[in-house]
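>>> Okay, predicted coordinates and the sequence, questions at the end:
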2 protein chains.
Amino acid sequence: MSQSESLPEPWSGVREQLHERGMRWTPQRRTVIEVLAASSGHVTSAELIERCRALDAQTIPSTVYRTLDALEQLGLVRHGHGADGREEFHVGPDAEHGHLYCADCGARSEIRAAEADAIVTAFRAADGFEVDLSHVTVVGRCATCAARHVAG
Amino acid sequence: MSQSESLPEPWSGVREQLHERGMRWTPQRRTVIEVLAASSGHVTSAELIERCRALDAQTIPSTVYRTLDALEQLGLVRHGHGADGREEFHVGPDAEHGHLYCADCGARSEIRAAEADAIVTAFRAADGFEVDLSHVTVVGRCATCAARHVAG
DNA sequence: TGCTCTATTGCAAGGTCTTGCAGTAGCGAT
DNA sequence: ATCGCTACTGCAAGACCTTGCAATAGAGCA
């Protein structure tokens, strides 16, 4: 009863969502979810683990990874790989977007709808391939660095 | 003088290319290059290391990684990240292509020129961003699996 | 409340990849 | 042929991530 379900959307119903799938609500999962609820945008696994440890010093990395897998099955987070290939999580229900990474200056930005459409459409038309955008990081050179490179 | 430079193109001139950059020709590098010369398409770091060990049991992983970095500076190989984020190398001078990976059946294929152009053009037009295609692995569902998913 | 079933946890081991450092050995010059 | 400079190697430590297994503890039910 002292179930202070103080979690903000879209997390308030996680417990029920887990139960519907025969999964369990545990203190460890609660810790991970609290961290996710306080995060926005992208987070690397390492950051997540570190923040969990701040809430609960006993946090075990493998448990965090497995919890994230579980949450991904519920569609509450999505994982992708950053420019260096390390895992990275997108938080939130509308986390469907890819990333751009400038190999020169390290700038990161999100792929916008127009470009996203261009990609999805190109592959669908040619191969019937359905792209999972959220999983993609496109590497290259941003406008500024590309210009400097040509000029210099 | 018994320099049996029996390496096939584009490897025959590596030694000179290294020297031009103030880099050195060592037995370890020769081993890595022999392995690369005998490879085609894509290879993971792990495969590369294993094959090097077959030629020279003393092979040290970190040396292989560093050699690959050096060769990448010469433009002889390019690295990218597979669907699981692990490193993967493209061998050859025309290694400029990305990959498609089906998350359902695991099928892999290369991104063809038409789609590649669509991507490059979309980003250039919108942001002035110059995409490095060889570094990209696009994850999603191939035509077959997408159809099965809709039908099932 | 107490019991059973089994999803999860904690741990340990293993694979991948990076980094710093001291010693080694290419390579150009003498 | 020898010497000096410094790029490279080998090693060790460490970060990141996965997997198998025995023990633990949620959840529903009597």
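The structure has been received and is ready for your questions.
>>> ok, and what's touching the longest helix along chain A?
For chain A, the longest helix by residue count, based on DSSP state H, is helix A:113-127. Residues outside helix A:113-127 that contact it (Cβ atoms under 8 Å, 6 or more residues apart in numbering or on different chains) are A:97-98, A:111, A:129-131, A:133, B:100, B:109, B:112, B:114-115, B:118-119, B:121-123, B:126-127, B:138, B:140, B:142-143. To be clear about C-beta, it is placed using only N, CA and C from the backbone, and glycine gets the same treatment.
>>> Now, of those residues, which are buried?
A:97-98, A:111, A:129-131, A:133, B:100, B:115, B:118-119, B:122-123, B:127, B:138, B:140, B:142-143 (16 or more other Cβ atoms under 10 Å in any protein chain shown).
>>> Does DNA strand D have contacts with stretch A:37-46?
Yes: Stretch A:37-46 comes into contact with DNA strand D (Cβ under 7 Å from any atom of the strand), by way of A:T44, A:S45, A:A46.
>>> Take the residues you listed and keep only those in strands.
Per DSSP state E, strands hold the following members of the residues of stretch A:37-46 next to DNA strand D: A:T44.
>>> Would you mind putting the residues of stretch A:37-46 next to DNA strand D into a markdown table with neighbour count, pLDDT and distance to DNA strand C alongside?
What follows is the residues of stretch A:37-46 next to DNA strand D, written out as a markdown table (neighbours: other Cβ atoms under 10 Å in any protein chain shown; pLDDT from 0 to 100; distance: Cβ to the nearest atom of the strand, whole Å):
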| residue | neighbour count | pLDDT | distance to DNA strand C |
| --- | --- | --- | --- |
| A:T44 | 14 | 95 | 14 |
| A:S45 | 16 | 96 | 12 |
| A:A46 | 12 | 96 | 13 |
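>>> Surely A:L7 is in contact with A:V14?
Yes: applying Cβ atoms under 8 Å as the test, A:L7 and A:V14 come out as touching, 7.3 Å apart.
>>> The two: who's more crowded?
A:V14 (22 against 17; other Cβ atoms under 10 Å in any protein chain shown).
>>> quick one: the closest residue to the more buried one other than its chain neighbours and A:L68, what's the gap?
Nearest residue to A:V14 in three dimensions, chain neighbours excluded: A:I33, at 5.9 Å (Cβ to Cβ, 6 or more residues apart in numbering or on different chains). According to Cβ to Cβ, to the nearest Å, A:I33 and A:L68 sit 10 Å apart.
>>> who in chain A is up against DNA strand D?
A:15, A:18-19, A:24-27, A:44-46, A:61-62, A:65-66, A:86-87.
>>> switch to 6 Å and redo it
Contact residues, chain A versus DNA strand D (Cβ under 6 Å from any atom of the strand): A:H19, A:R24, A:W25, A:T26, A:P27, A:S45, A:A46, A:P61, A:S62, A:Y65, A:R86, A:E87.
>>> In helices, which of these fall?
A:H19, A:P27, A:S45, A:A46, A:P61, A:S62, A:Y65.
>>> Just the buried subset of those, please.
The buried subset of these - by 16+ other Cβ under 10 Å - is A:S45, A:Y65.
>>> so what's A:V138 up against?
Counting by Cβ under 8 Å, 6+ apart, A:V138 has contacts A:G98, A:H99, A:L100, A:Y101, A:I111, B:I119, B:F123, B:F129, B:V131, B:H135, B:V136.
>>> and the helix or strand encompassing it with helix A:113-127, angle?
Following DSSP states H and E, one finds A:V138 within strand A:137-141. What separates the directions of strand A:137-141 and helix A:113-127 is an angle of 110 degrees, with axes from the mean of the first three to the mean of the last three Cα atoms, to 10 degrees.
>>> Convert the C-alpha atoms of strand A:137-141 to PDB, please.
Output of strand A:137-141 as PDB, limited to C-alpha atoms (Å, rounded to 0.1, in the frame of the first residue of the first chain):
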ATOM      1  CA  THR A 137      24.700   5.200 -36.000                       C
ATOM      2  CA  VAL A 138      26.000   6.800 -39.200                       C
ATOM      3  CA  VAL A 139      29.600   7.900 -39.100                       C
ATOM      4  CA  GLY A 140      31.200  10.500 -41.300                       C
ATOM      5  CA  ARG A 141      32.100  14.200 -41.300                       C
END
